[in-house]
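Q: here's a sequence, model it:
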Amino acid sequence: MRIAVFAKAPRPGRAKTRLIPALGAGGAAALAREMLERTVAEAMATGIDTELWGDPDPLSWYQGPALPLFAQGGGDLGARLARAAARRLPVLLVGTDCPGLDRGRLAAAAAALAARDAVIHPTEDGGYALLGLARFDPSLFEGIAWSTDRVVDETVSRIRALGWSLHVGETLRDIDVPADLPHLRHPRASGDPASPPPGLPLSRE
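A: Numbering: from 1, shown residues only. Sure thing, here's the model as predicted:
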């Protein structure tokens, strides 16, 4: 089992661009960095092997805890996700946009995947925050209308068409646009005091 974290380099003008009207380019990049740090910390806290798939190659910008690093490579999001998924199964594919995807939910997804072919956590905007796969089929990533409200429905439909067993987790919220920002400071459902609440910086030595 492994967790593959997908992230863009948290650079001004490149990361969280839809939040620039509210935060400015520097603020949006700072938030992207914070969310990446938090996602990596939560993933590593599960004890599951964690790796980072970056765009561009994370060897050129990643400065966090030691992890296996991979370049996402070319193609659309589907091609990039497929590349990561096919490397080794089982896998949990996650982004860094969802504060609610904490260590508790990651561990629960891994446990669910141990008994099923696939696990998915939908998001309120129609995408997904996590896709877990114990089997691989390229149809899950080809011809998907990425960044639309049809992503999760189309993915679930394709999983069911394959005849795979599926666990659908609770619907979570991504932080993508200014209207999402108030949700950064909501308490985490797991209530784990060992982790900072969403929206607060990770402590540094």
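Q: for this structure, just list every one of the strands.
A: 2-8, 49-55, 69-71, 91-94, 118-122, 128-133, 166-168 (DSSP state E).
Q: among these, which comes closest to Val151?
A: Closest of those to Val151 is strand 128-133, at 6.5 Å (criterion: CB to CB). Glycine gets a C-beta too; all of them are placed from N, C-alpha and C.
Q: who does that closest one pair up with?
A: strand 91-94 (antiparallel), strand 118-122 (antiparallel) (DSSP bridges).
Q: about what we covered before: mind putting the strands of the chain in CSV, mean pLDDT, mean neighbour count and distance to Tyr62 included?
A: Compiled in CSV, the strands of the chain are given as follows (pLDDT from 0 to 100; neighbours: other CB atoms under 10 Å; distance: least, CB to CB, whole Å):
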stretch, mean pLDDT, mean neighbour count, distance to Tyr62
strand 2-8, 97, 22, 8
strand 49-55, 98, 20, 6
strand 69-71, 98, 16, 6
strand 91-94, 98, 25, 16
strand 118-122, 98, 24, 24
strand 128-133, 98, 24, 21
strand 166-168, 98, 16, 31
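Q: about what we covered before: Gly26 is nearest to which of the strands paired with strand 128-133?
A: Of the strands paired with strand 128-133, nearest to Gly26 by CB to CB is strand 91-94, at 25.5 Å.
Q: hmm, who's touching that closest one?
A: The contact list for strand 91-94 (CB atoms under 8 Å, 6 or more residues apart in numbering) reads 1-6, 39, 43, 48, 81, 84-85, 101, 106, 109-110, 113, 119, 129-133.
Q: could you rerun that using 6 Å?
A: Where contact means CB atoms under 6 Å, 6 or more residues apart in numbering, the residues beyond strand 91-94 that reach it are Arg2, Ile3, Ala4, Val5, Leu81, Ala85, Ala109, Leu130, Leu131, Gly132, Leu133.
Q: check what pLDDT the residue nearest the centre of the chain gets.
A: The residue lying closest to the centre of the chain (CA atoms, centre = their mean) is Gly95, at 1.8 Å. pLDDT recorded at Gly95 is 97.
Q: what bridges to the nearest residue to it once chain neighbours are set aside?
A: Excluding the flanking residues, the one nearest Gly95 by CB to CB, 6 or more residues apart in numbering is Phe6, at 5.1 Å. Under DSSP bridges, the beta-bridge partners of Phe6 are Trp53.
Q: so Phe6 touches Gly54, yeah?
A: No - using CB atoms under 6 Å, Phe6 and Gly54 do not qualify as a contacting pair, with a distance of 8.0 Å.
Q: ok, so of the contacts of strand 91-94, who is nearest Ala28?
A: Val5 (19.0 Å).
Q: show me the longest helix that occurs in the chain.
A: helix 20-45 (DSSP state H).
Q: which strands or helices does that one pack on?
A: strand 2-8 (3 or more CB pairs under 6 Å, 6 or more residues apart in numbering; DSSP states H and E).
Q: who touches the strand it packs on?
A: By CB under 6 Å, 6+ apart, strand 2-8 touches 15, 36, 39, 43, 48-55, 84, 91-96.
Q: what of stretch 105-112?
A: With contacts defined as CB under 6 Å, 6+ apart, stretch 105-112 is touched by Met1, Thr46, Ile48, Leu92, Val119, Leu130, Gly132, His167.
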